[in-house]
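Asker: Based on what follows, work out the 3D shape:
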Amino acid sequence: MTQQQTDAALAFADSHLDDSLERLFALMRIPSVSTDPAYAEDCSRAAEALAQELGELGFDARVAPTGGHPMVVAHHEGPGPHVLFYGHYDVQPADPLELWKRDPFDPAIETRADGSRAITGRGASDDKGQLRTFIEACRAWKGTTGALPCRVSILFEGEEESGSESLEPFLHAHAEELTADFALICDTGMWDRDTPGLTIGLRGMAAGEVTIQAASRDLHSGLYGGPARNPIAVLANILAELKDAEGRVTLPGFYDGVHPVEPQVSAAWKKLGFDASDFLGEVGLSVPAGEEGIDALEQSWARPTAEVNGIWGGYTGEGFKTVIPAQAHAKVSFRLVGDQDPDQVWSAFEQHVRDRLPADCSASFNPRGGSRAIRLAADSAPLAAAQAALDAEWGKSALLASGGSIPVVNSIARILGMDTVMAGFALNDDNIHSPNEKYELKSFQKGIRSWVRILAEIGASRAAARRDVAVATE
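Answerer: So this is what the prediction gives:
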């Protein structure tokens, strides 16, 4: 594609922004909550809507059934490299509803005191707003040239927020159809409101649930309080011993495979001007926790963690019920880096619990699977194309950064044998997984424009490679 064609596609995207927002709002109004079976029909409805829209754009699109929520698969021919774009149409539950400023499934544009505007509602940032930036970029190319700069396949998942149980079986079953030159994902973020980012490293994860069983039934605390073991106290003590006074995880062998940050990388991060107090201040905190002697940015990007994500037991309703519960439960996750083995880490956690069980208590576990950390080549041609496009759109060099866990990247690498370029436009304060989720209107508009440019650069990179080959053989 020529620069003139790229400019025309960018102009199309800008002039049709209101239409793009309406399409986003229509998708956000579908409460496609994958974790709750009550919303299964809504998940199917979201998949059908996306497949129909992609079909109208000229893609060969279909809704593909799985053992859980359906996938959306679409293909469009093009002259350049073959790329696979991944996104997910499912969203997190909206609870607690009372903390939302408005109905989470009634999206709107919020104008703030400084004049900036944001899209509000569940899925605005994670991931409906993000995946739509790519769809709208394809629409801009189709609307101006009738074609795409490269060959594009799309895979939209419906279980990303609920464990992706159907994803790997689906990738195995459809590997030939889905394998491309590389993958694209827009489920990551920017460094700040004006600086784009390309994620080249992801932390892995091991996660699951633990249940401590004590008495055979809930007990009256007036009668049994004292002599009866309380499983909530047992579990709380065990979880508290996951970290020592310096913030290091105490599981034996936990740090096997954790490598120090390369000096040149560490030096580059220090130049970013990251301020831990500002980072924490946005969420009402002030003092960095975690490992002593390691700054907050390195903790977020290059160190493993152990976190308790939920803990419950006994009576938690309105009023008061004086019971000693028979069971206590917790959800626990570990973010992994380097060569840490998720199965080994989870096994060490189970042993940590068993070693600390007092008499009359037993433990059961429900592991939720895991993924290894992944590191992508910083000098790949696809990454260079994406970086050139982002630099042109934002007027600032895209930051090569590390991010949280995105298990699909590991699955794509293992099953399809492909690298992934991760270019997203979310911000840390988008409240993903929380009440009042939002997506900056600037992120949405410039996200569309960025994908217009990225597709052009990808197509041009293959054209340039073909020219180089032709010259070499003359």
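Asker: in the stretch 151-300 of the chain, which ranges drop under the pLDDT threshold?
Answerer: 264 (pLDDT under 70).
Asker: all strands in it, in order from the N-terminus.
Answerer: Counting by DSSP state E, counting those that start in this stretch, the stretch 151-300 of the chain has these strands, from start to end: 151-157, 182-185, 197-202, 204-213, 219-220.
Asker: Pipe these into JSON lines and attach mean neighbour count and distance to residue 16 per row.
Answerer: Where C-beta positions appear, they are placed from N, C-alpha and C, glycine not excepted. JSON lines is the format used below for these (neighbours: other C-beta atoms under 10 Å; distance: least, C-beta to C-beta, whole Å):
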{"stretch": "strand 151-157", "mean neighbour count": "24", "distance to residue 16": "19"}
{"stretch": "strand 182-185", "mean neighbour count": "23", "distance to residue 16": "22"}
{"stretch": "strand 197-202", "mean neighbour count": "22", "distance to residue 16": "26"}
{"stretch": "strand 204-213", "mean neighbour count": "22", "distance to residue 16": "38"}
{"stretch": "strand 219-220", "mean neighbour count": "16", "distance to residue 16": "64"}
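Asker: Turn those strands into CSV, including distance to residue 35.
Answerer: Listed next are those as CSV, based on distance: least, C-beta to C-beta, whole Å:
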stretch, distance to residue 35
strand 151-157, 14
strand 182-185, 21
strand 197-202, 22
strand 204-213, 14
strand 219-220, 32
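Asker: among the ones you listed, which is nearest residue 30?
Answerer: Residue 30 lies closest to strand 151-157 among the strands of the stretch 151-300 of the chain, at 12.9 Å (C-beta to C-beta).
Asker: So which elements touch the closest one?
Answerer: helix 40-56, strand 71-76, strand 82-88, helix 128-145, helix 175-178 (3 or more C-beta pairs under 8 Å, 6 or more residues apart in numbering; DSSP states H and E).
Asker: out of the ones you listed, nearest to residue 189?
Answerer: Proximity to residue 189, assessed across the helices and strands packed on strand 151-157 by C-beta to C-beta, is greatest for helix 128-145 (9.4 Å).
Asker: what about the nearest residue to residue 252 once chain neighbours are set aside, how many neighbours?
Answerer: Spatial nearest neighbour of residue 252, excluding adjacent residues (C-beta to C-beta, 6 or more residues apart in numbering): residue 348 at 6.0 Å. Neighbour count for residue 348, taken as other C-beta atoms under 10 Å: 19.
Asker: Which one of the helices and strands packed on strand 151-157 lies nearest to residue 226?
Answerer: Checking the helices and strands packed on strand 151-157 against residue 226 by C-beta to C-beta gives helix 40-56 as the closest, at 46.8 Å.
Asker: Send me the closest one as PDB with only the CA atoms.
Answerer: These are the backbone C-alpha positions of helix 40-56, laid out as PDB (Å, rounded to 0.1, in the frame of the first residue of the first chain):
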ATOM      1  CA  ALA A  40     -24.100 -18.300  28.200                       C
ATOM      2  CA  GLU A  41     -26.700 -17.200  25.700                       C
ATOM      3  CA  ASP A  42     -25.200 -13.700  25.700                       C
ATOM      4  CA  CYS A  43     -21.800 -15.000  25.000                       C
ATOM      5  CA  SER A  44     -23.200 -16.800  22.000                       C
ATOM      6  CA  ARG A  45     -25.000 -13.700  21.000                       C
ATOM      7  CA  ALA A  46     -21.700 -11.700  21.100                       C
ATOM      8  CA  ALA A  47     -20.000 -14.300  18.900                       C
ATOM      9  CA  GLU A  48     -22.800 -14.300  16.400                       C
ATOM     10  CA  ALA A  49     -22.700 -10.500  16.200                       C
ATOM     11  CA  LEU A  50     -19.000 -10.400  15.600                       C
ATOM     12  CA  ALA A  51     -19.100 -13.100  12.900                       C
ATOM     13  CA  GLN A  52     -21.900 -11.400  11.100                       C
ATOM     14  CA  GLU A  53     -20.100  -8.100  11.100                       C
ATOM     15  CA  LEU A  54     -16.800  -9.600   9.900                       C
ATOM     16  CA  GLY A  55     -18.800 -11.400   7.100                       C
ATOM     17  CA  GLU A  56     -20.200  -8.100   6.000                       C
END
